[in-house]
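[1] got a sequence here, can you build the structure:
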Amino acid sequence: MRQGNFTIIKNEKVANNTYFIEFAGENPEFSSPGQFFNISLPEHFLRRPFSVCTFSGSTFSAYYKTVGKGTSLLSSLSVGTHLDVLSGLGNGFNIKNAGARPVLVGGGTGASPLFGLAKALTDADITPVAVLGFATAADAFLISQFEDLGIELIVATDDGSLGICGNAVSALPTDYSYVYSCGPLPMMRALHLASKTEGQYSLEARLGCGFGACMGCSIETKNGPRRVCKDGPVFYSEDLLWQTLV
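    Have a look, this model is predicted:
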């Protein structure tokens, strides 16, 4: 984890209520896709967490949806704005379990960390298939970026306005070696029940501190209580007590 002042170098709308933001600054300390960062916003007490999409030694990015006062304020901030950010938080995806043909299943902004995962897999000479679900075509984003990776991409929308009519789980391919997922909990629970393999799932929770001190994001697992921010947000499917997750 690193706390520092980072500068917004991009903050632009890319889909319905969805924005892409990129920061620049020295050594944000990310080590794996699926980690997150916590932003301090003016006149807001609690930081806002965001799953990292891409990162390097001097930049990192994310996609986010405007769902409240905090994210609405964030969307209004201009390029050049400096923000206090805790970066390199949490545990991300482990690609050692991927096998030859992993499937990446994302719902809405859950596509954001999965793009970083897809890049990490292709860099390791593993070719995944990505399944992305959105409400409508107007909500879809990252389509061309996934396609540019040269991997198979399946898109599903609830109303059929883009790709397959249905949700991401209904669009699962028949052949895959492992599951990675990020998105709404009902989608991931349905995916866990439908999947043929074990997998890794990125959970969301209301975070207080973001680094494990306040215990406010604790969940019960087969191995006892775990903190989503510190022990996650990525968990192995076989460790989760799915019936207790809300």
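[2] who touches stretch 14-26?
    Residues outside stretch 14-26 that contact it (Cβ atoms under 8 Å, 6 or more residues apart in numbering): 4-13, 50, 58-67, 74-75, 83, 85, 109, 136, 138-141. For every residue, glycine as well, the C-beta is placed using N, CA and C.
[3] report the buried members of those residues.
    4, 6, 8, 11, 50, 59-66, 74-75, 83, 85, 109, 139-141 (16 or more other Cβ atoms under 10 Å).
[4] taking those residues one by one, which sit in helices?
    Counting by DSSP state H, the buried ones among the contacts of stretch 14-26 place Leu74, Ser75 in helices.
[5] of the buried ones among the contacts of stretch 14-26, which belong to strands?
    4, 6, 8, 11, 50, 59-65, 83, 85 (DSSP state E).
[6] among those residues, which two are most distant?
    Gly4 and Lys65 (25.1 Å; Cβ to Cβ).
[7] got the domain ranges for the chain?
    Following automatic domain parsing, the chain resolves into domains at 2-89, 95-202.
[8] center of the chain, which residue is that?
    Central residue of the chain (Cα atoms, centre = their mean): Pro113, 3.4 Å from the mean position.
[9] residues near the residue nearest to that residue when sequence neighbours are not counted, how many?
    Closest residue in space to Pro113, ignoring its immediate chain neighbours: Ser51 at 4.1 Å, by Cβ to Cβ, 6 or more residues apart in numbering. Around Ser51 there are 27 other residues, counting by other Cβ atoms under 10 Å.
[10] so what's Ser51 up against?
    Each residue near Ser51 by Cβ under 8 Å, 6+ apart is listed here: Gly34, Gln35, Phe36, Ala62, Thr109, Gly110, Ser112, Pro113, Cys182, Ser202, Pro233.
[11] what comes into contact with stretch 166-173?
    Around stretch 166-173, the neighbours that count as contacts under Cβ under 8 Å, 6+ apart are 103, 105-107, 129, 131-133, 152, 154-156, 158, 160, 163-164, 183, 187, 190-191, 194-195.
[12] one step back: the residue nearest to the centre of the chain contacts Cys182, correct?
    Yes: using Cβ atoms under 8 Å, Pro113 makes contact with Cys182 at a distance of 5.3 Å.
[13] what packs against the strand or helix carrying Val179?
    Here Val179 sits within strand 178-182, counting by DSSP states H and E. Here strand 178-182 touches strand 102-107, helix 111-123, helix 185-194, strand 199-202, going by 3 or more Cβ pairs under 8 Å, 6 or more residues apart in numbering; DSSP states H and E.
[14] what about 6 Å?
    Contacts defined by 3 or more Cβ pairs under 6 Å, 6 or more residues apart in numbering; DSSP states H and E place strand 178-182 against strand 102-107, helix 111-123, strand 199-202.
[15] from the chain's centroid, how far away is it?
    11 Å (Cα atoms, centre = their mean, to the nearest Å).
[16] likewise for stretch 72-81?
    The answer for stretch 72-81 is 21 Å, by Cα atoms, centre = their mean.
[17] can I get that stretch in PDB? Just the C-alpha atoms.
    Presented in PDB, the C-alpha positions along stretch 72-81 are these (Å, rounded to 0.1, in the frame of the first residue of the first chain):
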ATOM      1  CA  SER A  72     -20.800  12.300  -9.300                       C
ATOM      2  CA  LEU A  73     -18.200  14.700  -7.800                       C
ATOM      3  CA  LEU A  74     -15.400  12.600  -9.100                       C
ATOM      4  CA  SER A  75     -16.800  12.700 -12.600                       C
ATOM      5  CA  SER A  76     -16.800  16.500 -12.500                       C
ATOM      6  CA  LEU A  77     -13.100  16.800 -11.600                       C
ATOM      7  CA  SER A  78     -10.800  18.100 -14.400                       C
ATOM      8  CA  VAL A  79      -7.500  16.900 -15.700                       C
ATOM      9  CA  GLY A  80      -4.700  18.200 -13.500                       C
ATOM     10  CA  THR A  81      -6.600  17.800 -10.300                       C
END
